[in-house]
Structures are given as C-alpha cells and as structure tokens.
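Undergrad: here's a sequence, model it:
(one chain, ligands or ions: 1)
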Amino acid sequence: MGDRVSRPKQTIKPLQPVLKPVMAEQSSSEPAPSTVIVIMGASGDLAKKKIYPTLWRVAKGGLFPKNTKIVGYARSDLTIEKLKEKCAPFLKATDEEADKLKDFWARNTYVRGSYTEKQAFDALSAEIKKQETGFKKANRLFYLALPPSVFAPVTSNIKLCCMSPCGWSRVIVEKPFGKGLS
Ligand SMILES: NC(=O)c1ccc[n+]([C@@H]2O[C@H](COP(=O)([O-])OP(=O)(O)OC[C@H]3O[C@@H](n4cnc5c(N)ncnc54)[C@H](OP(=O)(O)O)[C@@H]3O)[C@@H](O)[C@H]2O)c1
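TA: The predicted model follows:
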C-alpha cells in the first residue's frame, strides 16, 4: 500500500530528438509540409479498434500536423463509407463534435491493393502524390497494421515505389514481431 511507482520524468527524453525537428517544422515560417499517413491493413481489427480511433482523437485535439491526410490500404473491397461503418463502434464523438468528425473523414481515402505486387504500390504512390499536390515538402508515414508475414514484401515495395521525393518517409511496425525474445 502507498508504494505507487511514479514515472521518472526522463522517460520522455528519448522522444525529444525525434520531436524537435517535427515541432520546428510546424512553427517555422516556411509553408507547412503535407503529411500523409498510410494505414497498411486498414481493413483489419487493429485499424478499426485502435488506429482510426486514435487518429480521430489526435485530430479532434487539434494535434495533427497541418495538411494531414490519411490513406487506408488493404486488399479488401472497401470504401470510406464502409470503413466508417466498421470503425463506428470504436470511434466516439459527441453531437458537438459532428463537424470535426466530418472533417476527419473528409481527410481519408482508401486504396485497394495487394501487399506483394509492385503495380499495386504504384497505384498507392499515385494516390499519395494526389494528396500532396501543391506542396513543396511532403512527409509520409506508413503504419504497418499487418501480420508480420507481410512486413518484408510491404517494406520492400514501399522502398521501391512510395518514398517521398521531398520529405521524410517513416515506417511504424506493429508489435509483436520476430520469433522469440532474443
Ligand atoms: N488487433 C489488436 O488489437 C492488436 C493488438 C496488438 C498488436 N496487434 C498486431 O497488429 C497487427 C495487425 O493486427 P490485426 O488484429 O489488425 O490483424 P488482422 O485483422 O488479422 O490483419 C490486418 C489486415 O491484414 C490483412 N491480412 C490478414 N492476414 C493476412 C495474411 N496472412 N496475408 C496478408 N494479409 C493479411 C487483412 O487485410 P486485407 O485482407 O484486406 O488485405 C487484414 O484486415 C498484427 O501484427 C497483430 O499482431 C494487433
């Protein structure tokens, strides 16, 4: 009793070098870049229960970088309307937040494609470029909400077809991965 462990302040330190350039970019006098977040595996359980709801919370809190767009990608035959329906039980909004929610979904598009075919990633790249039209600087974040069995082809195809020519490109790999603690 009473020996609750308090989180040491320095736990946020490892993030600071990563966040510094992002924060500098946002507060700079240069025009803000475009940011495209690509959810690979947008049709899945993690996407509907965690990723879209979390992005919604970030958006409604006004914490998205300016000019953020979200592109969902998977093999399933989906539309934004169908994605909205899948996410609805997990994506909470009050009546007052209705306009913000509409704005959130208006930032979303969906591309259907395979995880192994270059042609499909060319189509994904074309959609990302469409979202970046008019921006001199364009950052891309790929979230792999996928089984680890497809991490290798997906990251190879991202490298081949989808790297930003004028900004950073980053990949988030969902846990668990690997075959053991070692
Ligand atoms: N769900 C969670 O709460 C949770 C929590 C922690 C970690 N994770 C991890 O997050 C990742 C995604 O989890 P998830 O629950 O969202 O998985 P999931 O629903 O089984 O898969 C996500 C999407 O990947 C595609 N997919 C599934 N199996 C595939 C296969 N064998 N080959 C190619 N594509 C396949 C499917 O999309 P299409 O068929 O439409 O392409 C599916 O909608 C996994 O690595 C999981 O271990 C999940």
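Undergrad: so does stretch 83-97 get close to the ligand?
TA: No - Stretch 83-97 stays clear of the ligand (CB under 6 Å from any ligand atom), getting no nearer than 9.9 Å. (Glycine included, C-beta is placed from N, CA and C.)
Undergrad: now that stretch: mean pLDDT?
TA: For stretch 83-97, mean pLDDT is 96.
Undergrad: please shift the residue numbers so they start at 852 in all later answers.
TA: Yep, numbering from 852; the last one is stretch 934-948 now.
Undergrad: with just CA atoms, put it into CSV.
TA: C-alpha atoms of stretch 934-948 as CSV (Å, rounded to 0.1, in the frame of the first residue of the first chain):
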residue,chain,number,x,y,z
LEU,A,934,-14.6,1.9,-43.2
LYS,A,935,-16.6,4.5,-41.3
GLU,A,936,-19.2,1.8,-40.5
LYS,A,937,-16.5,-0.7,-39.3
CYS,A,938,-15.0,2.0,-37.1
ALA,A,939,-18.2,3.5,-35.8
PRO,A,940,-18.5,1.3,-32.6
PHE,A,941,-15.0,2.4,-31.6
LEU,A,942,-14.8,6.0,-32.8
LYS,A,943,-16.7,8.1,-30.3
ALA,A,944,-17.9,11.6,-31.0
THR,A,945,-20.4,13.8,-29.2
ASP,A,946,-23.1,15.8,-31.1
GLU,A,947,-21.0,18.9,-30.7
GLU,A,948,-18.1,17.1,-32.4
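Undergrad: list the buried residues of it.
TA: Residues of stretch 934-948 classed as buried under the neighbour-count rule (16 or more other CB atoms under 10 Å) are 934, 937, 938, 942.
Undergrad: return the distance of the last one relative to residue 907.
TA: With distances taken as CB to CB, to the nearest Å, residue 942 is found 5 Å from residue 907.
Undergrad: the residue in the chain that the ligand sits nearest to: neighbour count?
TA: In the chain, the residue that lies nearest the ligand is residue 895 (2.5 Å; CB to the nearest ligand atom). Counted by other CB atoms under 10 Å, the residues lying close to residue 895 total 19.
Undergrad: now the one 10 residues further on
TA: Per other CB under 10 Å, the neighbour tally for residue 905 reads 12.
Undergrad: for it, pull up the helix or strand it's in.
TA: Using DSSP states H and E, residue 905 sits in helix 903-911.
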